[in-house]
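Trainee: Requesting a structural model of the entry that follows:
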Amino acid sequence: MRETEYTYAVARIRANEQKMLSKSDLDLLISSDSYDAALRILSDKGWPDAAGGSVYDICELEMKKTRDFIAESVPDIKVFNALAVGNDFANLKSVLKAFFSDYDPEKYITCPYVCEPSLIIEAIRDGDFSSLPDYLSGCADEAYHAYTDNQSGQLTEIIIDRACVNTKFRFAAMAESALLNEINTLTAAVSDIKIARRSVSTGKSREFCLAALSGCGALDPQTLTDCAFEGKGLAEFIEGSGLPELSEYADADFTLLEMRCDNLITEKAKNYKHEIYGADAVVAYYYGKSAEIRNVRIILSAKLSGVPKDIISERMREIYV
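Mentor: Here you go, the predicted model:
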């Protein structure tokens, strides 16, 4: 596909970027007197009218609007699939847990997705995974038996999470998105750092840690495990692996590490927002909107909980516009 075929999508994105929430808009939301007042501000800014809805409902409606906009704008579904495929693994995990806990699995589906959730539900119900797409079938079979044969929820999650990371890289390559590959490298690294540190704090073995790490991206699993279990050299290792922007957060609270990751993703998206060819401008807009929605979710949740305005401001992520 010629890169110029994305010019229509990019033109639509440029127009929609003008409607995104600015820093002054977020400040206005933070300073609003109540949850309902914040909802009125969002409605005036073009967000779906969801008076009386939960924070999840309001943010999900805006995310759905974003997904629909991208799906109808891009010339190649590979881009949309690369953005959505991670949710197939989230749905596999949710459906497995729901089935073996006697819950309705359809209530725990995450959108958007590439694989129809009904296929996942049917496969787990029948114990036959041949109808699932190739990137999901082997993982689903292995995870199912880890759950049924070994009664190991931890092993099940390891199997699914590792397959998810590998599949994200595969789909990013098919979409020919350099930005998505950068984002996947970053998020895989953050996930692995958390796994290694959590393995130590919960008394897991080195073998467990190595099995749980994705092995993708910039961080060598063996060296990461050694640094975590020996309690030294983690920051230097991360910096030397080409991720200096994460190194100072290597030993920080996970909330700070995740916030740093979110901000780095937005910074990376900004670097590509003015691309006029190829898929990267579409990916940048998607992650820019995701950051915006995350900030709104934080503000609305804080309003409901009575969190002081200065604390809300401290929790804000970088914005895209």
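
Trainee: Around the spatially closest residue to residue 262 that is not a sequence neighbour, how many other residues sit close by?
Mentor: Excluding the flanking residues, the one nearest residue 262 by Cβ to Cβ, 6 or more residues apart in numbering is residue 317, at 4.7 Å. (Glycine included, C-beta is placed from N, CA and C.) Other residues near residue 317 number 20, with proximity taken as other Cβ atoms under 10 Å.

Trainee: and residue 317, what pLDDT?
Mentor: Each residue has a pLDDT score; the one for residue 317 is 94.

Trainee: For the nearest residue to residue 302 once chain neighbours are set aside, which three-state class applies?
Mentor: Spatial nearest neighbour of residue 302, excluding adjacent residues (Cβ to Cβ, 6+ apart): residue 312 at 4.6 Å. The three-state label given to residue 312 by DSSP: H, G, I helix; E, B strand; the rest coil is helix.

Trainee: is it true that residue 274 touches residue 281?
Mentor: Yes: using Cβ atoms under 8 Å, residue 274 makes contact with residue 281 at a distance of 7.5 Å.

Trainee: The two: who's more crowded?
Mentor: residue 281 (25 against 11).

Trainee: three-state assignment of the more buried one?
Mentor: Put simply, residue 281 is helix when judged by three-state DSSP.

Trainee: in terms of contact, does it touch residue 12 like I think?
Mentor: No: counting by Cβ under 8 Å, residue 281 does not reach residue 12; the two are 10.4 Å apart.

Trainee: Give me the buried positions along the strand or helix carrying residue 255.
Mentor: Residue 255 is part of helix 254-272 when elements are defined by DSSP states H and E. Across helix 254-272, burial judged by 16 or more other Cβ atoms under 10 Å covers 257-266, 268-270, 272.

Trainee: Which parts of the stretch 51-200 of the chain are helices?
Mentor: For the stretch 51-200 of the chain, helices defined by DSSP state H, counting those that start in this stretch occupy the ranges 55-73, 77-84, 86-99, 117-126, 134-150, 153-175, 178-201.

Trainee: contacts for the second one?
Mentor: Contact with helix 77-84 is made by 67, 70-71, 74, 112-114, 168, 171-172, 174-177, 180, 279, 282-283, 286, as judged by Cβ atoms under 8 Å, 6 or more residues apart in numbering.

Trainee: Please list only the buried members of the residues you listed.
Mentor: For the contacts of helix 77-84, buried by 16+ other Cβ under 10 Å: 67, 70, 74, 112-114, 168, 171-172, 175-177, 180, 279, 282-283, 286.
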